[in-house]
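1. This is a predicted model, with the sequence first.
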Amino acid sequence: MLCIQCGKDRTKVVDSRESRAGVRRRRECLSCGTRFTTLEKVQNRTLMVIKHDNRREEFQRSKLAASLTKACVKRPLPINAINKVIDDIESKLTESGKQEIRTELIGELVMSRLKGLDRVAYIRYASVYRDFSDIEKFKEEIEALLLPDESNKVTNAQLSFLGESNEPSLKRRRGRPPKI
């Protein structure tokens, strides 16, 4: 390993730790005494992206990061949240075991994550990704986003949280518990 300060290859490992991203090693240069950290990561096979016109190009994390950052500009989102989305999408793609991934799948993954993270960022990304042909299609997408989420509705068979009861309140009688 070459020293980042003097460029000599006389370094030693001072400390090693495993992390989710790989193995972090704290190193010290024996020539100049500079300490620096390296990250060893398993190199996965190259993931290829199949574009809309059937061209193939290597997956570039930087393109994913740029498109997400552009969609989230001037939004109250911490950079860590955006980076987590990028990490999660990249992990899903590599864990799929496929060597080739269509851009449509990547776009849908991004949109599903943005929909839960920030609606404005979702609409921004969708407007570019879906390439709406007219304003009516764009309006339909916004209206669909404004509809209440069906997965969050409480059915009559479910118990509700305190204060959200749909049942009429039963008055408590003295001495005996109420009949239900």
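-> Perfect, thanks for sending it. Numbers count the residues shown, from 1 in each chain.
2. only C-alpha atoms for contact and neighbour calcs from this point on.
-> Noted.
3. Enumerate every residue touching residue 129.
-> By Cα atoms under 8 Å, 6 or more residues apart in numbering, residue 129 lies in contact with residue 107.
4. and the closest residue to residue 8 other than its chain neighbours, what element?
-> Take residue 8 and drop its neighbours on the chain: the residue closest to it by Cα to Cα, 6 or more residues apart in numbering is residue 2, 5.3 Å away. For residue 2, there is no host helix or strand (DSSP states H and E).
5. pretty sure residue 2 contacts residue 27?
-> No - the criterion here is Cα atoms under 8 Å, and residue 2 misses it with residue 27 at 10.2 Å.
6. Mind checking which of those two has more residues around it?
-> Legend: neighbour count by other Cα atoms under 10 Å for residue 2 and residue 27, higher for residue 27 (20 against 11).
7. which one is the more buried one nearest to, not counting chain neighbours?
-> Per Cα to Cα, 6+ apart, closest to residue 27 is residue 13, 4.5 Å.
8. Check which helices and strands the longest helix along the chain is in contact with.
-> Counting residues, the longest helix found in the chain (DSSP state H) is helix 79-95. Here helix 79-95 touches helix 61-71, helix 103-117, going by 3 or more Cα pairs under 8 Å, 6 or more residues apart in numbering; DSSP states H and E.
9. mind saving the C-alpha coords of the last one as PDB?
-> Put plainly, it is helix 103-117. The C-alpha coordinates for helix 103-117 follow below in PDB (Å, rounded to 0.1, in the frame of the first residue of the first chain):
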ATOM      1  CA  THR A 103     -33.200   1.000 -16.400                       C
ATOM      2  CA  GLU A 104     -36.900   0.600 -15.800                       C
ATOM      3  CA  LEU A 105     -36.200  -1.500 -12.700                       C
ATOM      4  CA  ILE A 106     -33.800   1.100 -11.400                       C
ATOM      5  CA  GLY A 107     -36.200   3.900 -12.000                       C
ATOM      6  CA  GLU A 108     -39.100   2.000 -10.300                       C
ATOM      7  CA  LEU A 109     -36.800   1.300  -7.300                       C
ATOM      8  CA  VAL A 110     -35.900   5.000  -7.000                       C
ATOM      9  CA  MET A 111     -39.500   6.100  -7.300                       C
ATOM     10  CA  SER A 112     -40.800   3.600  -4.700                       C
ATOM     11  CA  ARG A 113     -38.100   4.900  -2.200                       C
ATOM     12  CA  LEU A 114     -38.700   8.500  -3.000                       C
ATOM     13  CA  LYS A 115     -42.500   8.200  -2.700                       C
ATOM     14  CA  GLY A 116     -42.100   7.200   1.000                       C
ATOM     15  CA  LEU A 117     -39.300   9.700   1.600                       C
END
